[in-house]
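Chemist: how would this look folded up:
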Amino acid sequence: MVEPGQVGVWGHLDSLPVSRLRAYARRVEELGYGTLWLPETVGREPFTALGMLAGETRRILLGTSIVSIWGHDAETTRMAAMTLAEATDGRFVLGLGVSHPHLAGKLRGHEYDKPLTRMREFLAAYRSAVYKGPMATPDPGEPAVLLAALRERMLGLAATEASGAFPYLFTPQRVAWARGVLDQAAADAGRPRPLLAISMPAVLEEQPDAARDAGRAYLAPYLRTPNYQASWELQGFGASDWEKPGSDRLVDAMVAWGSAQKLRESLAALHAAGADHVAVIPLDANGVTEHLPVLEALRPNFTCPVCGYPGLFEIPWRGDSPSLEVCPSCGMQFGYMDAAGGDAKRRLEIHENWRATWVADGMPWASTGQSPPMAWDPATQLLGLTSVSNQD
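Modeler: All right, here's what the predicted structure looks like:
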């Protein structure tokens, strides 16, 4: 399965005309994010939009998050997914969801019933659907499939019948719960560890009232949605929290806001809770989801102390606190492979030994899912290491 990277970008992108949409995708890739996700609502059709962006990008993964099973039959979905897999040389990820009663019923004319059963049936039909179109060379294989999952049984289905889950509007505590459910379901079924992706609405604003106004503008459509209300109740919120315009408590839990450092801390909290991938939703003052200054502020610009790779999203070690990030260049995971019982000297030795092994192996790019930057030169990267320090 392709790796979406540790941090990606999610957005409706409907505020951008086509020319700016193309430029936005190119910039997201240039900034070093791992995946660009498009949802399906009542704007651009996401398969078509991602097909357009496939030719504008070279490295970044492109994914749907999510398309509704009520809006596409399984055959059409498989045709679209396989076409995008070919167009992107395997850089496509399919996100599926059961959506919501008002969207499936009022908007699309379906009867919204037994969502878990309908998703299970859809996945079976998707896997058996006939596709005879051409494939990229070399064949990238089947696109990964992630399910929008808020409750335990849908998470179990994501672990046993798909590649993982992409829940929405979760606290770090709820992410940790979801990680446990996914891992247990996969272990019980003898399946590999599922991918857990999560989104993080983010406002680059330190003034509380202005930040919360942006968060409320973004959350407004979700406050009346029964599926999210039920999810929030399980996370410890009540009707007074989702009553319009939404309580400060709910907004602060669902939307990260503050300085760039504060946003990075929110990212780190979601990763520490068990998220493999966090998709940043960059909000402007009006809650619009394609605000580049947020992404510019959060761009990966920290250096790996092992190999000199300059594109880490977080400081590897902040005092005694590790980022848990994996360097895509050399493969070191900070806080796991170099924990060293809190011994800084021993950690340095681990880094030196890892570096020596990596160099002896020919300095290979470690990530199997994230491609190296264009014109990547590990030798030059390593030469710059001695002048850089990421330790607080």
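
Chemist: show me how far stretch 213-221 is from its chain's centre.
Modeler: In terms of C-alpha atoms, centre = their mean, to the nearest Å, the centre of stretch 213-221 is found 21 Å from the chain centre.

Chemist: what lies in contact with it?
Modeler: With C-beta atoms under 8 Å, 6 or more residues apart in numbering as the test, stretch 213-221 has contacts from 201, 203, 205, 244-246, 250-252, 254-255, 257, 281, 283-287, 289. From N, CA and C alone the C-beta is placed, and that goes for glycine too.

Chemist: so of these, which ones are in strands?
Modeler: Residues of these located in strands (DSSP state E): Pro201, Val203, Trp257, Ile281, Leu283.

Chemist: looks like Leu292 contacts Ala23 (just checking).
Modeler: No - the criterion here is C-beta atoms under 8 Å, and Leu292 misses it with Ala23 at 9.8 Å.

Chemist: all strands of the stretch 51-200 of the chain, in order?
Modeler: With strands called from DSSP state E, counting those that start in this stretch, the stretch 51-200 of the chain shows them at 61-64, 67-68, 92-97, 144-147, 164-165, 195-203.

Chemist: pLDDT on the longest one, on average?
Modeler: Predicted confidence along strand 195-203 averages 98 (mean pLDDT).

Chemist: and the angle for that strand with strand 92-97?
Modeler: If you take axes from the mean of the first three to the mean of the last three C-alpha atoms, to 10 degrees, strand 195-203 sits at 80 degrees to strand 92-97.

Chemist: stretch 9-25 spans what distance, first to last residue?
Modeler: End-to-end span of stretch 9-25 (C-alpha to C-alpha, to the nearest Å): 10 Å.

Chemist: distance between that stretch and the chain's centre?
Modeler: Offset of stretch 9-25 from its chain centre (C-alpha atoms, centre = their mean): 17 Å.

Chemist: 54 is where my numbering starts, stick with that
Modeler: Will do, 54 is the new start, and the previous item becomes stretch 62-78.

Chemist: got the buried residues for it?
Modeler: Buried positions in stretch 62-78, judged by neighbour count with 16 or more other C-beta atoms under 10 Å: Val62, Trp63, Gly64, His65, Leu66, Asp67, Ser68, Leu69, Leu74, Arg75, Tyr77, Ala78.

Chemist: and stretch 119-128, by the same measure?
Modeler: Within stretch 119-128, the residues that count as buried by 16+ other C-beta under 10 Å are Ile119, Val120, Ser121, Ile122, Trp123, Gly124, His125, Ala127.

Chemist: low-confidence ranges in the chain?
Modeler: The chain contains residues with pLDDT under 70 at 158, 422, 439-445.

Chemist: can you give me the domain boundaries for the chain?
Modeler: Listed by automatic domain parsing, the domain ranges of the chain are 60-351, 370-440.

Chemist: among these, which is nearest Pro358?
Modeler: Using C-beta to C-beta as the measure, domain 370-440 is the one of these that comes nearest Pro358, at 5.6 Å.

Chemist: now do that closest one: distance to the chain's middle.
Modeler: Worked out by C-alpha atoms, centre = their mean, domain 370-440 lies 22 Å from the chain centre.

Chemist: burial count for Glu214?
Modeler: If you count neighbours by other C-beta atoms under 10 Å, Glu214 ends up with 18.

Chemist: also Ala432?
Modeler: Neighbour count for Ala432, taken as other C-beta under 10 Å: 9.

Chemist: which ones are touching it?
Modeler: Ala432 neighbours (C-beta under 8 Å, 6+ apart): Met416.

Chemist: element containing it?
Modeler: Using DSSP states H and E, Ala432 sits in helix 431-436.

Chemist: among the contacts of stretch 266-274, the buried ones, what's the PyMOL command?
Modeler: Filtering the contacts of stretch 266-274 down to the buried ones (16+ other C-beta under 10 Å) takes a single PyMOL command:
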select buried, resi 254+256+258+299+303+304+307+308+310+334+336+337+340+342
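
Chemist: what about the residue located most distally from the centre of the chain, distance to Arg371?
Modeler: Centroid-distance maximum for the chain: Lys398 at 34.2 Å, with C-alpha atoms, centre = their mean. From Lys398 across to Arg371, the span is 18 Å (C-beta to C-beta, to the nearest Å).

Chemist: ok, now Val183?
Modeler: Distance, Val183 to Arg371, by C-beta to C-beta: 52 Å.

Chemist: with neighbour numbers in mind, choose between the two.
Modeler: Per other C-beta under 10 Å, whichever of Val183 and Arg371 has more neighbours is Arg371, with 15 against 7.

Chemist: the more buried one bridge partners, please.
Modeler: Ser374 (DSSP bridges).

Chemist: can you list the buried residues in stretch 220-236?
Modeler: The neighbour-count criterion (16+ other C-beta under 10 Å) identifies 220-225, 227-228, 230-232, 234-236 as the buried residues of stretch 220-236.

Chemist: and those residues, which two are the farthest apart?
Modeler: Most distant of the buried residues of stretch 220-236, by C-beta to C-beta, are Leu222 and Asp236, 21.4 Å apart.

Chemist: make sure Ala326 is actually in contact with Gly233.
Modeler: No - judged on C-beta under 8 Å, Ala326 makes no contact with Gly233 at a distance of 10.3 Å.

Chemist: tell me the contacts of Val308?
Modeler: Here Val308 is in contact with Pro254, Ala255, Val256, Ala264, Arg265, Ala267, Gly268, Tyr271, Leu272, Leu336 (C-beta under 8 Å, 6+ apart).

Chemist: please flag which of the buried residues of stretch 62-78 sit within strands.
Modeler: Members of the buried residues of stretch 62-78 lying in strands (criterion: DSSP E): Val62, Trp63.
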